[in-house]
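Undergrad: just to be clear, the model below is a prediction. Sequence and coordinates:
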Amino acid sequence: MNFINKLSAAWTTNNSLLCVGLDPDLSRFPAQLANEPDPIYLFCKEIIDATADLACSFKPQIAYFAALGAEGQLERICAYARQHYPHIPLILDAKRGDIGATARQYAREAFDRYGADAVTVNPYMGFDSVEPYMEWTDRGAIVLCRTSNPGGSDLQFLMADGKPLYQHVARMVADKWNKNGQCALVVGATFPEELAQVRAIVGEMPLLVPGVGAQGGDVEATVRSGRTAGGAGMMINSSRAILYAAPQGSEDFAAAARRVATETRDAINLYR
Ligand SMILES: O=c1ccn([C@@H]2O[C@H](COP(=O)(O)O)[C@@H](O)[C@H]2O)c(=O)[nH]1
């Protein structure tokens, strides 16, 4: 099953548009993991087990693993998710962007090494920097469009031919790059008006929408702006608000994560 079909099935099976982000930060880990040899793996495994029936996707952020030389634990957590929850799409958040030859290696890293269903990519270097990901015909390329951070406006809001740059990205991906229906876009929940603009441009294309939870994006505005006619079309990501829902040092981190993931999933569903 390809990425888009898998995502559609997960929306339905779990009745969820929630993407659970895996951003493991050792300084916020519960005390009982302190002496474990592979704390990152164990932490993420517990979170995955606690939220798998509530999520339409999991999104490990590679920086949190690579910064600690913990790519081996990322490999294992991806293998665990694929083995135990093969119906939940796995998105590697790596925001890659480079010339084609190098992009081909990044694609191997995402899809072969980690077995991801989709990877986030940067459009700044143009189509030939994204095309190598499309050679993996059953996988997805999720292109940065209107990111959730305030500084995203520095470039993404620059006007070109009367329209902000992010709208050109949305139009270009929808009309030209998405030849085999493998593309999705990143649009921040912190900018609901722009989210609505992107939805109007791209039709049914899936959107990865970070920015609810720790970044303060409004769930109602996000869902109303980004949903498709069928009440789906989005992976609304929350990472820190779910991962660190428990008070620091608490042993109940997985239960607390499940509680917040449930609340977030249900809040999203109110407005679909
Ligand atoms: O525009 C973007 C693109 C990616 N992200 C990533 O999503 C999560 C958000 O984490 P929270 O803890 O829910 O804020 C994180 O991995 C970012 O790298 C984003 O925030 N905005």
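TA: Good, I have the coordinates.
Undergrad: center of the protein - which residue?
TA: Taking C-alpha atoms, centre = their mean as the criterion, residue 59 is the residue nearest the geometric centre of the chain, at 4.7 Å.
Undergrad: show me where pLDDT drops low in the protein?
TA: Scanning the chain with the threshold set as pLDDT under 70 gives 249, 251.
Undergrad: can you list the residues of it near the ligand?
TA: 21, 23, 61, 93, 147-149, 186, 188, 210, 213-215, 237-240 (C-beta under 6 Å from any ligand atom). Bear in mind the C-beta positions are built from the backbone N, C-alpha and C, glycine included.
Undergrad: of those residues, select the buried ones using a PyMOL command.
TA: Buried residues within these, by 16 or more other C-beta atoms under 10 Å, are selected in PyMOL with:
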select buried, resi 21+23+61+93+147+148+186+188+210+213+214+215+237+238+239
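Undergrad: remind me what the longest helix anywhere in the chain packs against, helices and strands.
TA: If you go by DSSP state H, the chain has its longest helix at helix 253-270. Counting by 3 or more C-beta pairs under 8 Å, 6 or more residues apart in numbering; DSSP states H and E, the packing neighbours recorded for helix 253-270 are strand 18-22, helix 39-51, helix 219-226, strand 234-238, helix 240-243.
Undergrad: can you give me how far it is from the chain middle?
TA: 17 Å (C-alpha atoms, centre = their mean, to the nearest Å).
Undergrad: now swap in stretch 39-46 and tell me
TA: 19 Å.
Undergrad: and it, C-alpha only, in PDB?
TA: Only the C-alpha atoms of stretch 39-46 are listed here, as PDB (Å, rounded to 0.1, in the frame of the first residue of the first chain):
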ATOM      1  CA  PRO A  39      16.500   5.400  26.900                       C
ATOM      2  CA  ILE A  40      15.500   7.100  23.700                       C
ATOM      3  CA  TYR A  41      14.300   3.800  22.200                       C
ATOM      4  CA  LEU A  42      12.400   2.800  25.300                       C
ATOM      5  CA  PHE A  43      10.800   6.300  25.700                       C
ATOM      6  CA  CYS A  44       9.600   6.400  22.100                       C
ATOM      7  CA  LYS A  45       8.400   2.700  22.200                       C
ATOM      8  CA  GLU A  46       6.300   3.500  25.300                       C
END
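Undergrad: residues contacting it, please?
TA: Outside stretch 39-46, the residues that touch it by C-beta atoms under 8 Å, 6 or more residues apart in numbering are 22, 24, 26, 29-30, 33, 36, 60, 64-65, 68, 70, 73-74, 76-77, 80, 243, 253-254, 257.
Undergrad: from these, which ones fall inside helices?
TA: Going by DSSP H, the helices hold 64, 65, 73, 74, 76, 77, 80, 243, 253, 254, 257 from the contacts of stretch 39-46.
Undergrad: TSV for these, including distance to residue 182?
TA: What follows is those, written out as TSV (distance: C-beta to C-beta, whole Å):
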residue	distance to residue 182
64	26
65	25
73	28
74	23
76	27
77	24
80	25
243	29
253	35
254	33
257	31
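Undergrad: ok, of these, which one's closest to residue 9?
TA: Using C-beta to C-beta, residue 80 comes nearest to residue 9 of the ones in helices among the contacts of stretch 39-46, at 20.2 Å.
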